[in-house]
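J.: Quick one, structure for this:
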Amino acid sequence: MSPRPSASTVPPSDARARLVVSAAVALAVVVGGVGLAIALFSGSNSTEPASPPAGFLVAALAAARAADDPFRDLTELQLAVGDDCLRLVVADEVDERVDGLRGRTDLGAYDGMLFVFDSPTNSSFTMSGVTTPLDIGWYSASGQPVGRTEMEPCPSRAPDCPAYSAGSRYRFAVETLGGDLPAGALSGCS
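T.: Numbers count the residues shown, from 1 in each chain. Purely as a prediction, here's the structure:
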């Protein structure tokens, strides 16, 4: 029996390919787990099957990498909204989506945040504890817009802060600082 090759003996292209496949599998597990948690905790009792995201969204999510300040604990990716390529931090776990851009007035080099849900949802967003206006757009699994609104600050953490919803089911949401969300569908950056 021959010894198993060490990482140093695996050709670099094979090692990179294994790393990409491992990252894609890990992403699928994380996104799948998030979907289950959302179904359990969001009040959504949908039995609607999860529609797969468009290919450009799968590619963008697979290419996500560690974010820089002020979002070191998140990942980032580039995604086009309409004709504008945006640098977005990714909220793909329940606690990340709950926090959103709460408490942030400066996004650093980022244009906003992409909220990723495993399956179609009708979850609402609130501005409780948010001190600056935000824009939000909701998008289907194919990246088509299904709703959009401007959200007003509600600095208190009061339960009477308004809830904002898309008006129909969506799979992704993008938040930006007020007035910064381009119009149009999601697509890959060129």
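
J.: what's the distance between the longest strand seen in the chain and the middle of its chain?
T.: Ranked by residue count, the top strand of the chain under DSSP state E comes out as strand 112-121. How far strand 112-121 lies from its chain's middle: 5 Å, per Cα atoms, centre = their mean, to the nearest Å.

J.: Which is the succeeding secondary structure element to it?
T.: Helices and strands here follow DSSP states H and E; after strand 112-121, the next one along the chain is strand 125-126.

J.: what distance separates that following strand from the centre of its chain?
T.: Relative to its chain's centre, strand 125-126 lies at 15 Å (Cα atoms, centre = their mean).

J.: That strand pairs with which strands, and in what direction?
T.: strand 163-164 (antiparallel) (DSSP bridges).

J.: which residues touch the partner strand?
T.: 124-127, 136, 149, 151 (Cβ atoms under 8 Å, 6 or more residues apart in numbering). For the C-beta atoms, the positions are set from N, CA and C on the backbone; glycine is no exception.

J.: helices or strands up against the longest strand of the chain?
T.: helix 12-41, strand 84-91, strand 170-177 (3 or more Cβ pairs under 8 Å, 6 or more residues apart in numbering; DSSP states H and E).

J.: Run me through the strand neighbours of it, direction for each.
T.: Strand pairing for strand 112-121, determined by DSSP bridges: strand 84-91 (parallel), strand 170-177 (antiparallel).

J.: Could you point out the helix or strand that follows the lowest-mean-pLDDT helix or strand in the chain?
T.: Lowest on mean pLDDT, DSSP states H and E among the helices and strands of the chain sits helix 12-41, with a mean of 35. Downstream of helix 12-41, the first helix or strand assigned by DSSP H and E is helix 55-62.

J.: what angle do that next one and strand 84-91 make?
T.: With axes from the mean of the first three to the mean of the last three Cα atoms, to 10 degrees applied, the angle from helix 55-62 to strand 84-91 works out at 50 degrees.

J.: mind listing what's buried in helix 55-62?
T.: By neighbour count with 16 or more other Cβ atoms under 10 Å, helix 55-62 contains the buried residues 56-57, 60-61.

J.: What of stretch 87-96?
T.: Neighbour counts over stretch 87-96 (16+ other Cβ under 10 Å) mark 87-94, 96 as buried.
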